[in-house]
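J.: Structure, please.
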Amino acid sequence: MPIHQFVKAFFWSPYRELLVERMEPDGANTVLKLDLRNISSFIRGNNQLRARMSIRKEFIVVVENVEDFQIRGDFMFAVKKRVRITMLPL
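T.: So this is what the prediction gives:
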């Protein structure tokens with residue numbers, strides 16, 4: 001069982017963070033972050049499934065509904081989807 005499914009890309013941050021860009025069923029992407037400074041507390045013990053489930057819960061959402069995400073040096077760039085609502089006169 002993977003930590004996350006439908007991963008489009010992943011990035012290692014210089015701040016010991018793992019960023020994962022995941023494709024959602026609606027076609028948009030979500031970027032999640034895991035702080036790797038405390039990772040050793042999740043790996044204790046022999047049960048790998050339990051460790052994966054614990055790690056999965058520690059990811060936090062950075063940004064949702066993006067088309068593309070990149071890291072360049074110390075900067076993060078996200079291209080967000082724009083939702084257009086057309087109102088018709090009655």
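
J.: quick one: contacts for residue 30?
T.: 21, 22, 24, 61, 63, 64, 65, 66 (CB atoms under 8 Å, 6 or more residues apart in numbering). The C-beta positions use only the backbone N, C-alpha and C, and glycine is treated the same way.

J.: quick one: strands adjacent to the strand or helix carrying it?
T.: For residue 30, the host element (DSSP states H and E) is strand 29-35. Taking DSSP bridges as the criterion, strand 29-35 forms sheet pairs with strand 17-23 (antiparallel), strand 60-72 (antiparallel).

J.: Could you list the buried residues of it?
T.: Across strand 29-35, burial judged by 16 or more other CB atoms under 10 Å covers 29, 30, 31, 32, 33, 34.

J.: buried stuff in stretch 61-70?
T.: 62, 63, 66, 69.

J.: Which helix or strand in the chain has the lowest average pLDDT?
T.: helix 40-43 (a mean of 60; mean pLDDT, DSSP states H and E).

J.: Residue 89 - that's part of a strand, no?
T.: No: in this structure, residue 89 is coil, not part of a strand, as judged by DSSP: H, G, I helix; E, B strand; the rest coil.

J.: residue contacts, it?
T.: So residue 89 contacts nothing (CB under 8 Å, 6+ apart).

J.: Might you report the residue contacts of residue 28?
T.: For residue 28, the contact set (CB under 8 Å, 6+ apart) comprises 64, 65, 66, 67, 81.

J.: For it, give me the pLDDT.
T.: Residue 28 carries a pLDDT value of 86.

J.: centroid residue for the protein?
T.: Among the residues of the chain, the one closest to the centroid is residue 32, at 2.2 Å (CA atoms, centre = their mean).
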